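K.L.:
coordinates for the following, if possible.
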Amino acid sequence: MRIRIVAVLGDYYHREEWSVESIKQAVRDHFENDQVVVENISVTELATSLLTKPDAVILFKENRVNPEAEKVETWMDPLTEKIICEYVKNGGSWIAWHSGLASYPTQGDYLSMTRGYFIRHPEIHQLVNYRVSGAKLIDPSYDFAIIDEHYFVHCNEAETNVFLRSESIDGASIAGWAHEYGEGRVVCLTPAHLKEGLLHPNMTRMLAQVIKWGCRLV
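P.N.:
Next up, the predicted model:
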């Protein structure tokens with residue numbers, strides 16, 4: 001079975017090439033040769049691309065287009081939000097990864113799909129411990145610790161399956177959750193920000209595992 005993934009990666013604060021490299025490593029090390037094809041696209045191409053029904057979408061991009069501007073703009077308009085939710089309801093897989101959880105609507109259809117969102121992160125990067133917990137989506141041996149931008153999130157824990165938690169000197173938070181939405185599947189994953197974290201072997205193992213879960217390979 002060949003898996004086709006559409007990836008929307010990188011924003012003002014997050015280097016696209018680092019997330020591209022992380023996905024490449026996850027695919028190279030944890031899938032059979034040529035089992036996965038990844039198409040890197042822009043947000044302007046996303047709505048049209050979803051109509052072709054890819055097996056999964058990875059979003060590593062925040063909603064704000066120009067976060068440092070006086071008038072901040074966002075890319076997810078109501079039509080795109082509707083198309084995304086319909087894609088997942090009809091059997092697609094949506095992976096909201098790190099900045100893919102940031103500055104998106106905190107009410108409405110998209111939130112009913114993700115069931116959580118980014119709230120804040122401390123200004124200074126610290127050592128963050130990521131511990132597999134709860135839902136049996138990820139092997140417990142995938143625990144790891146990295147210097148990271150520690151994401152604190154809101155998560156409707158009663159309506160999803162938490163599989164990862166994070167802890168640092170700044171506190172503790174949920175770091176990964178997954179659930180079905182209609183006929184599709186949704187995964188939300190908060191690590192990582194820096195290149196070293198994105199390429200940590202257990203980070204890419206975890207990324208590969210959530211792709212497999214989203215595409216019903218496990």
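
K.L.:
any idea which residue is closest to the centre of this structure?
P.N.:
Centroid check for the chain by CA atoms, centre = their mean gives Trp97 as the closest residue, at 1.8 Å.

K.L.:
tell me the backbone dihedrals of the residue located most distally from the centre of the chain, please.
P.N.:
Going by CA atoms, centre = their mean, the residue of the chain most distant from its centre is Glu70, 27.7 Å out. In terms of degrees, to the nearest 10, the main-chain angles of Glu70 are phi -70, psi -40.

K.L.:
now do the one 3 residues further on
P.N.:
Glu73 adopts backbone torsions of phi -110, psi 150, taken as degrees, to the nearest 10.

K.L.:
same thing with the one 4 residues further on?
P.N.:
Main-chain torsions, Asp77, degrees, to the nearest 10: phi -90, psi 170.

K.L.:
near Glu149, how many other residues are there?
P.N.:
Look at Glu149: counted by other CB atoms under 10 Å, it has 21 neighbours. Using the backbone N, CA and C atoms, a C-beta is placed for each residue, glycine as well.

K.L.:
going along the chain, name the strands of the protein.
P.N.:
Using DSSP state E, the strands of the chain run over 3-9, 36-40, 56-60, 93-97, 116-120, 126-132, 144-148, 152-155, 161-168, 171-181, 184-189.

K.L.:
list the buried residues in the fifth one.
P.N.:
The reference is to strand 116-120. For strand 116-120, the neighbour count (16 or more other CB atoms under 10 Å) marks 116-118 as buried.

K.L.:
quick one: Ile138 and Gln209 touch, right?
P.N.:
Yes - between Ile138 and Gln209 there is a contact under CB atoms under 8 Å: 5.6 Å.

K.L.:
returning to that earlier point: contacting residues for the residue nearest to the centre of the chain?
P.N.:
Shown in contact with Trp97 (CB atoms under 8 Å, 6 or more residues apart in numbering): 19, 58-60, 188-189, 207.

K.L.:
so which of the buried residues of strand 116-120 is the closest to Val65?
P.N.:
Closest approach to Val65 among the buried residues of strand 116-120 (CB to CB): Phe118, at 16.5 Å.

K.L.:
so the closest one bridges to which residues?
P.N.:
Val153 (DSSP bridges).

K.L.:
what sits closest to Ser133 if chain neighbours are left out?
P.N.:
For Ser133, ignoring the flanking residues on the chain, the nearest one in space by CB to CB, 6 or more residues apart in numbering is Arg165 at 4.7 Å.

K.L.:
if you could redo that for Ala178, that was the one I meant.
P.N.:
Val187 (4.5 Å).

K.L.:
good, we can wrap up now.
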